[in-house]
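Enquirer: here you go, sequence then predicted model.
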Amino acid sequence: EAQVTQNPRYLITVTGKKLTVTCSQNMNHEYMSWYRQDPGLGLRQIYYSMNVEVTDKGDVPEGYKVSRKEKRNFPLILESPSPNQTSLYFCASSRTGNNQPQHFGDGTRLSIL
Amino acid sequence: GDSVTQMEGPVTLSEEAFLTINCTYTATGYPSLFWYVQYPGEGLQLLLKATKADDKGSNKGFEATYRKETTSFHLEKGSVQVSDSAVYFCALKDSSASKIIFGSGTRLSIRP
């Protein structure tokens, strides 16, 4: 089954404790992206990757890191999480081309205390 | 920069009512436009898309037409069902196929 898999689905942690949210896709997509969803703000793009070893900032990259060492994986790293990063996070992937829709994971709800 | 503006929700309708959710955009070049739907506890799913001016996207009774002259991509459905209750997002993908911009989402509730 074609899918984007995120882990964990839920996480409660404390300020300053490094965490990683993993994302994996099995569709051989070149493009991958991370978003955060906050009430009233919709989805905002954090980082995206057009292919392996190529990453770029989206609209809200501060406080986040990503890497793309393999085509299928695109982890999101919070080196020193803060409460304002409490949010619902989505990973997505697609083929390249501006007419290609995104395929989304089920989301990761992060709470930073 | 590019942006997407959606009508604010929540929108509450009775079953079989006509639905319109407005979406307008600003973008340089020729973006592709999308509507996504999010059911409770799930990720977003593609509902429909249009990739050039005057294209009409359609799926599951929903339609939207890419109007370059009014920079709009309004979502419509002739007769909504309770199962259509969800959050709807309008989005654009820019000409370079790199950045993706979403609207703020519109929550739709359908009463039986």
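Expert: Looks like it came in fine.
Enquirer: so what's B:Lys52 scoring on pLDDT?
Expert: Here, the pLDDT recorded for B:Lys52 equals 92.
Enquirer: gap between it and A:Ser49?
Expert: From B:Lys52 across to A:Ser49, the span is 26 Å (C-beta to C-beta, to the nearest Å). All C-beta spots, glycine's among them, are computed from the backbone N, C-alpha and C.
Enquirer: of these two, who's got more company?
Expert: The residue with more neighbours, out of B:Lys52 and A:Ser49, is A:Ser49; 21 against 12, by other C-beta atoms under 10 Å in any protein chain shown.
Enquirer: please work out how many residues are found near the closest residue to A:Pro8 other than its chain neighbours.
Expert: Counting by C-beta to C-beta, 6 or more residues apart in numbering or on different chains, A:Pro8 lies nearest to A:Thr108, which is 6.3 Å off, once chain neighbours are set aside. Applying other C-beta under 10 Å, we find 22 residues neighbouring A:Thr108.
Enquirer: what helix or strand does residue 37 sit in?
Expert: All of this is about chain A. Assigned by DSSP states H and E, A:Gln37 falls within strand A:31-38.
Enquirer: I was thinking of chain B, sorry if that wasn't clear
Expert: Assessed by DSSP H and E, B:Val37 sits inside strand B:32-38.
Enquirer: buried stuff in the next helix or strand after that strand?
Expert: Note on strand B:32-38: by DSSP H and E, the next helix or strand toward the C-terminus is strand B:44-50. Buried residues in strand B:44-50, defined by neighbour count with 16 or more other C-beta atoms under 10 Å in any protein chain shown: B:Leu44, B:Leu46, B:Leu47, B:Leu48, B:Lys49, B:Ala50.
Enquirer: residues contacting residue 18?
Expert: I went with chain A, as the question did not name one. Residues near A:Lys18 by C-beta atoms under 8 Å, 6 or more residues apart in numbering or on different chains: A:Ile77, A:Leu78, A:Glu79, A:Ser80, A:Pro81.
Enquirer: chain B is the one I meant
Expert: Residues in contact with B:Phe18 (C-beta under 8 Å, 6+ apart) are B:Glu76, B:Lys77, B:Gly78, B:Ser79, B:Val80.
Enquirer: between those residues, which has the most around it?
Expert: B:Val80 (22 neighbours).
Enquirer: that one belongs to a helix, doesn't it?
Expert: No: counting by DSSP: H, G, I helix; E, B strand; the rest coil, one finds B:Val80 to be coil, located in no helix.
Enquirer: my guess is it contacts B:Ile21. True?
Expert: No: under the criterion of C-beta atoms under 8 Å, B:Val80 makes no contact with B:Ile21, lying 10.8 Å away.
Enquirer: follow-up on the earlier one: the next helix or strand after the strand holding A:Gln37: which residues count as buried?
Expert: As assigned by DSSP H and E, the chain's next helix or strand after strand A:31-38 is strand A:42-51. Using 16+ other C-beta under 10 Å as the test for burial, strand A:42-51 gives A:Gly42, A:Leu43, A:Arg44, A:Gln45, A:Ile46, A:Tyr47, A:Tyr48, A:Ser49, A:Met50.
Enquirer: taking these together, which two end up most distant?
Expert: Pairwise distances across the buried residues of strand A:42-51 (C-beta to C-beta) peak at 22.6 Å, for the pair A:Gly42 and A:Met50.
Enquirer: contacting residues around B:Thr12?
Expert: By C-beta under 8 Å, 6+ apart, the contact set of B:Thr12 is B:Leu108, B:Ser109, B:Ile110, B:Arg111.
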